[in-house]
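> Generate coordinates for the sequence data below:
(chains A and B)
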Amino acid sequence: MGFWKKYVFLQALFLTIVMFLIGMYVGIAFEQNQFDEMEGYYLKSEISLMDIVALNNLVMNKNISCEVLKEASFNYADKIYEEATLLEDYEKSGKISEKMTEVHKKYDLLRTILWMNVIKTRERCKTDFNSVVYLYNYSVKDLTLKAEQSVWSKVLYKLKKDNPDKVILIPIAVDGNFVSLESLKSEWNITEYPVVIINDKQLVYDINSSSNLEKYFK
Amino acid sequence: MDFLTIVYLIYAFIAFYFLFLFVLIYIQNFRKIQEVPSITKKYSVSVVIPCYNEEKSIGRTIQNLIDNNYSNLKKIIVVDDCSKDNSFKIMKEYEKKYPNLVLSVQTPKNTGCAAGAKNYGSKFAKTEIVGFTDADSFPEEGSIEKMMGFFDDLSVGAVTSTVLVHNRKNILEQLQAIEYIVIKFTRKLLEFVDSIYVTPGPLAMYRREYFEKIGRFDEKNLTEDIEITWRFLENGYKIKMSVPSKVYSIAPNKFKDWFKQRIRWNLGGVQTMIKYSKYFMRKGMLGAFILPFFVFSWFIGVFGLSVVLYRLIRIIILKFLSTSYSIQAHAAILSMQDMRLVPNVLIFTGIIIFLFSFIYTFIAFYSIQEKGYKRPNFILMMAYMIFYVALYPIILITSAYKLLTGKVHW
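From the prediction side, this is the model:
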């Protein structure tokens, strides 16, 4: 009897530690599985982007149709937008490891390359589509900014939904410290976020309705 | 891993620890839960009933004690604490009817607390055992006798009973009925690790010699039944619980009364905690488990609620700002994305803890047989686990506020 009285506290502690270790293992495995899935998507997206960049180079040098490039860019942007939604979910569910943040950064880099590619396309081809680049902060503590960014996301989502074939939407988090993105930002003298860049010309800082943004379209 | 995740995991660890602790104690002792030592001696007993404005129930309480059928019940000492209703008159009628058994006395002036009336009445007790019953509580027949066997062990200073809810008409009363059963079950499990921390007022028996030696009830404490239990432990006496000894008590039927009662319990607990803080990690299980358990419960309760409030306020501000911006941008205030619940490890942990707690409540519930009372249904048990338990932190915060502002009174 005395033995049990003394040791039941330790027995409970031992069980809790075992339970916790199992739980942590399952949790890490669960998050690793999501990470692996996202890595798989990323790898495919990276290959697709390289393909588009190569295609863009071909369009630059040879007489190849801009339509093919436009279509490829649109499909690609849509694909990684969907993947970004999934990534966002996984980031929210990732509580133990922070690996997803790195995947997010890699995706931001892909989107930056896509943006540069769209700029090139615009220069080379006569385009009839509109590019909407949304630059925002990834890590936000300030509630006003957080609210502003969440509403911007909704507005831009609606904009894309209303104009699926006219708008190429590229959301990029700016805190990834990419040299290329920094150069692009300094080109437009952008220091405040969130900002929406429409057709590489118009900078919109204040929250607008999607119909107002459409006014900037060609 | 962010700060909130770490906090959540620490809380989950604590929750699992206590669940495992109680489950292990249960597994190791479940056959002994209903056991009481057989009677070798009929100890002489006096029962003190403190009473203040209890005209509706005092008669029934006295009658229940008379009908308890304990052959060596010498005196039922009913103490009127200068009631403003007919309580004293009713007591006198019983005294007249049972002159050898019932003694009705009145305090010279209102003592302002149950402890005062209990101490006053206990001075008239000359028996080996002195018991106490609240004036709104009804001990079941045979309950006293089932408590006596424990006193054969000279180290036992007090024996407590199974306190259950008498009135179960409205939801609040029914929820309290579940709560009392869970408390009763937990208290018995704590007995197996010498950690019973309260001998509740509805029915408790004390060895009179020890009771007087340790100085009776502390009249400055809001929960004299917790305080005296700690004092028994401080002096090296054991506390036992007789599960088959049932007493049915009238629980508050209005939320306001319930809240007031809980605040008093909490404040009394804190008073006791402060008084015995010097025994941290000393004096056996009092300092090794009961005191740290109380302090820890308070700390994690207040801290946890602060974190929840902080999060809640941030969400409200964020929702307000988002709504304002959404109106400005003619965007949807609520989208499917806002409502999407993404499963994560913490949610799974929460679900497992909830399930374990539910099983614990279920076991507690099925460990007791009650005559004449229906078992609560599944929905009521869920309501208890989700809503009723969620009110505890609010009581804790209110108590902390009252304590800080010095509003501590009966």
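> where do the strands sit along chain A?
A:130-136, A:167-173, A:195-198, A:202-204 (DSSP state E).
> The third one vs chain B: in contact?
I take that to be strand A:195-198. No: using C-beta under 8 Å from any C-beta of the partner chain, strand A:195-198 stays clear of chain B, coming no nearer than 11.6 Å. Backbone N, C-alpha and C define where each C-beta goes, glycine included.
> List the neighbouring strands of that strand plus their orientation.
Strand pairing for strand A:195-198, determined by DSSP bridges: strand A:130-136 (antiparallel), strand A:202-204 (antiparallel).
> Dump the strands of chain A to JSON lines, plus mean neighbour count and mean pLDDT.
Converted to JSON lines, the strands of chain A look like this (neighbours: other C-beta atoms under 10 Å in any protein chain shown; pLDDT from 0 to 100):
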{"stretch": "strand A:130-136", "mean neighbour count": "22", "mean pLDDT": "90"}
{"stretch": "strand A:167-173", "mean neighbour count": "22", "mean pLDDT": "89"}
{"stretch": "strand A:195-198", "mean neighbour count": "21", "mean pLDDT": "90"}
{"stretch": "strand A:202-204", "mean neighbour count": "15", "mean pLDDT": "87"}
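> For residue B:270, which of the strands paired with strand A:195-198 is the nearest?
Nearest to residue B:270, of all the strands paired with strand A:195-198, is strand A:130-136, at 48.0 Å by C-beta to C-beta.
> tell me the contacts of residue 74?
All of this is about chain A. A:129, A:165, A:168 (C-beta atoms under 8 Å, 6 or more residues apart in numbering or on different chains).
> The intended chain is chain B.
Residue B:74 neighbours (C-beta under 8 Å, 6+ apart): B:44-46, B:101, B:126-127.
> most surrounded residue in those?
In terms of neighbours by other C-beta atoms under 10 Å in any protein chain shown, the contacts of residue B:74 top out with residue B:45 at 27 neighbours.
> What about the nearest residue to it once chain neighbours are set aside, how many residues nearby?
Among residues not flanking residue B:45 along the chain, residue B:129 sits closest, at 4.6 Å (C-beta to C-beta, 6 or more residues apart in numbering or on different chains). A count of nearby residues for residue B:129, using other C-beta under 10 Å, gives 25.
> Report pLDDT for residue B:129.
The confidence metric pLDDT takes the value 97 at residue B:129.
> That one contacts residue B:47, correct?
No: at 9.1 Å, residue B:129 does not count as touching residue B:47 under the criterion of C-beta atoms under 8 Å.
> circling back to that earlier point, same list, the strands paired with strand A:195-198, but as a markdown table with distance to residue B:162 please.
Below are these laid out as a markdown table (distance: least, C-beta to C-beta, whole Å):
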| stretch | distance to residue B:162 |
| --- | --- |
| strand A:130-136 | 61 |
| strand A:202-204 | 70 |
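> Now do the domain split for chain A, please.
A:1-127, A:128-218 (automatic domain parsing).
> out of the ones you listed, nearest to residue B:63?
Comparing the domains of chain A under C-beta to C-beta, the one sitting nearest is domain A:1-127, at 40.2 Å.
> Which element is encountered next along the chain beyond the worst-scoring helix or strand of chain B on mean pLDDT?
Least confident helix or strand, chain B: helix B:336-339 with a mean of 70, by mean pLDDT, DSSP states H and E. Sequence-wise, the next helix or strand downstream of helix B:336-339 (DSSP states H and E) is helix B:345-366.
> what sits against the residue nearest to residue B:45?
Applying C-beta under 8 Å, 6+ apart, the residues contacting residue B:129 are B:43-46, B:148, B:151, B:205-208.
> What helices and strands are in contact with the longest helix anywhere in chain A?
When chain A is parsed with DSSP state H, its longest helix is helix A:2-61. Applying 3 or more C-beta pairs under 8 Å, 6 or more residues apart in numbering or on different chains; DSSP states H and E, we find helix A:2-61 packed against helix A:66-93, helix A:99-124, helix B:3-29, helix B:345-366.
> how about the nearest residue to the most centrally placed residue in chain A, chain neighbours excluded?
Centroid-nearest residue in chain A: residue A:84, 4.9 Å away (criterion: C-alpha atoms, centre = their mean). Spatially, and ignoring its direct neighbours in sequence, residue A:84 is nearest to residue A:107 (6.3 Å; C-beta to C-beta, 6+ apart).
> Quick check: that neighbour touching residue A:85?
No: in this structure residue A:107 lies outside contact range of residue A:85 using C-beta under 8 Å: 11.3 Å.
> neighbour count winner among the two?
residue A:107 (23 against 13).
> Kindly provide the distance from the more buried one to residue A:87.
Going from residue A:107 to residue A:87 by C-beta to C-beta, to the nearest Å gives 6 Å.
> secondary structure class for residue B:282?
State at residue B:282, reduced to three classes by DSSP: H, G, I helix; E, B strand; the rest coil: coil.
> Just the pLDDT for it.
83.
> And for residue A:178?
82.
> That one reaches residue A:108, doesn't it?
Yes: judged on C-beta under 8 Å, residue A:178 makes contact with residue A:108 at a distance of 7.2 Å.
> Please say which of these two ends up with more neighbours.
Per other C-beta under 10 Å, whichever of residue A:178 and residue A:108 has more neighbours is residue A:108, with 20 against 17.
> That one: what's it in contact with?
So residue A:108 contacts A:138, A:172-173, A:176, A:178, A:181 (C-beta under 8 Å, 6+ apart).
> what are the phi and psi values for residue A:96?
phi -90, psi -60 (degrees, to the nearest 10).
> if I look at it, how far off is chain B?
6 Å (C-beta to the nearest C-beta, to the nearest Å).
> got the contacts of residue A:74 as JSON lines, with distance to chain B columns?
Shown next, in JSON lines, are those (distance: C-beta to the nearest C-beta, whole Å):
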{"residue": "A:129", "distance to chain B": "23"}
{"residue": "A:165", "distance to chain B": "22"}
{"residue": "A:168", "distance to chain B": "21"}
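> Tell me how many other residues crowd residue 161.
Going with chain A. 11.
> meant chain B, my bad for not saying
Each residue near residue B:161 was counted by other C-beta under 10 Å, and the total is 29.
> And for residue A:122?
16.
> now do the one 4 residues further on
Taking other C-beta under 10 Å as the neighbour definition, residue A:126 ends up with a count of 6.
> which outside residues touch stretch B:137-146?
Contact with stretch B:137-146 is made by B:36, B:39, B:45, B:47, B:57, B:60-61, B:64-65, B:67-70, B:73, B:131, B:133, B:161, B:163, B:166, B:201-203, B:205, B:242, B:244-250, as judged by C-beta under 8 Å, 6+ apart.
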